[in-house]
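Peer 1: Sequence first, then the predicted structure:
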Amino acid sequence: MSSPLTLVLAVVLVGYLAVASPLLGKHTYDRLARTRDQDPMAYRRMFTLWSAELWTLAAVALLIVAVEPNLDAADIGLVITEPLDDTLGTIVGFLVAATAGVLVFRRLAAKGKPIPGQQAFNHLLPRTTAERWYAAGLSVTAGITEEIVYRGLLIAVGTGALGLSTEVAAFGALAVFVAGHLYQGWRGMLAVTLVGFGLTLLYLRTGSLLMPILLHALIDLRGLVFTPQPRRELVGHAG
């Protein structure tokens, strides 16, 4: 990359993603944990704030592509490179696995047992129908925007502007992605690392963000919308 404007935008974006966004996310999540029981609108406000932040970051990423002559949509994975049959087969396979996982988690919840990994983001789980819509919206938003920013743009910036190898750029992008989930604590960040690593490998293998976006959104929908809370937590909230 040679455009000074591109470098400035990229530095500002990476700095925000690596430092400001994780701290802001932890602050807002901790505030939700403290105030949700007293303020019925706290959940919706935070989800609106997070969604707006993610779309803004994606807009900045696309702006960088627009102003940089050495970048185009293909460079950040906004193309479909695999045959449609292969793509559909992967989607169907994931849906089957996700459905099986949801059924297992529902059985655990019905018995009052904790859902594996759920504690890390417990306060993000919706309690009402309206909150489920907010959770669904954020899940789809994260699937689209985070893949464009963390997978597509950051890897392209690393290999283009910094001259890094694809592997090193991908590792750096993954580290920034994991940092963005600081609010989940180290256990949650470990799970995010594994998921992010899988999505990164999928992107590097296919050269397209289509599958990572779809899988990312489905993973978040399963985690936030379709995974029930354990019965004892629901009783506690009701009381």
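Peer 2: Now that the structure is in, tell me what you want to look at. Residues are numbered from 1 along each chain as shown.
Peer 1: The residue nearest to the spatial centre of the chain and residue 53, how far apart?
Peer 2: Geometric centre of the chain, nearest residue: residue 142, 4.4 Å, by CA atoms, centre = their mean. Going from residue 142 to residue 53 by CB to CB, to the nearest Å gives 11 Å. Placement of C-beta: from N, CA and C, glycine included.
Peer 1: likewise residue 155?
Peer 2: 21 Å.
Peer 1: Looking at those two, which is more packed in?
Peer 2: residue 155 (26 against 18; other CB atoms under 10 Å).
Peer 1: So the more buried one sits against residue 170, correct?
Peer 2: Yes - counting by CB atoms under 8 Å, residue 155 does reach residue 170; the two are 5.4 Å apart.
Peer 1: so who does residue 16 touch?
Peer 2: Counting by CB atoms under 8 Å, 6 or more residues apart in numbering, residue 16 touches residue 57.
Peer 1: how much space between it and residue 152?
Peer 2: Counting by CB to CB, the gap from residue 16 to residue 152 is 17 Å.
Peer 1: Also residue 37?
Peer 2: 39 Å.
Peer 1: Mind checking which of these two has more residues around it?
Peer 2: Between residue 37 and residue 152, residue 152 has the larger neighbour count (other CB under 10 Å), namely 26 against 9.
Peer 1: I'd assumed residue 77 was in contact with that one.
Peer 2: Yes - counting by CB under 8 Å, residue 152 does reach residue 77; the two are 4.4 Å apart.
Peer 1: Can you show me the helices along this structure?
Peer 2: 4-15, 21-35, 42-67, 84-110, 129-146, 154-160, 166-179, 185-206, 210-224, 231-238 (DSSP state H).
Peer 1: Now mean pLDDT and distance to residue 121 too, for those, in JSON lines please.
Peer 2: Shown next, in JSON lines, are the helices of the chain (pLDDT from 0 to 100; distance: least, CB to CB, whole Å):
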{"stretch": "helix 4-15", "mean pLDDT": "89", "distance to residue 121": "25"}
{"stretch": "helix 21-35", "mean pLDDT": "96", "distance to residue 121": "8"}
{"stretch": "helix 42-67", "mean pLDDT": "96", "distance to residue 121": "12"}
{"stretch": "helix 84-110", "mean pLDDT": "61", "distance to residue 121": "14"}
{"stretch": "helix 129-146", "mean pLDDT": "96", "distance to residue 121": "11"}
{"stretch": "helix 154-160", "mean pLDDT": "91", "distance to residue 121": "23"}
{"stretch": "helix 166-179", "mean pLDDT": "96", "distance to residue 121": "14"}
{"stretch": "helix 185-206", "mean pLDDT": "92", "distance to residue 121": "6"}
{"stretch": "helix 210-224", "mean pLDDT": "90", "distance to residue 121": "7"}
{"stretch": "helix 231-238", "mean pLDDT": "40", "distance to residue 121": "13"}
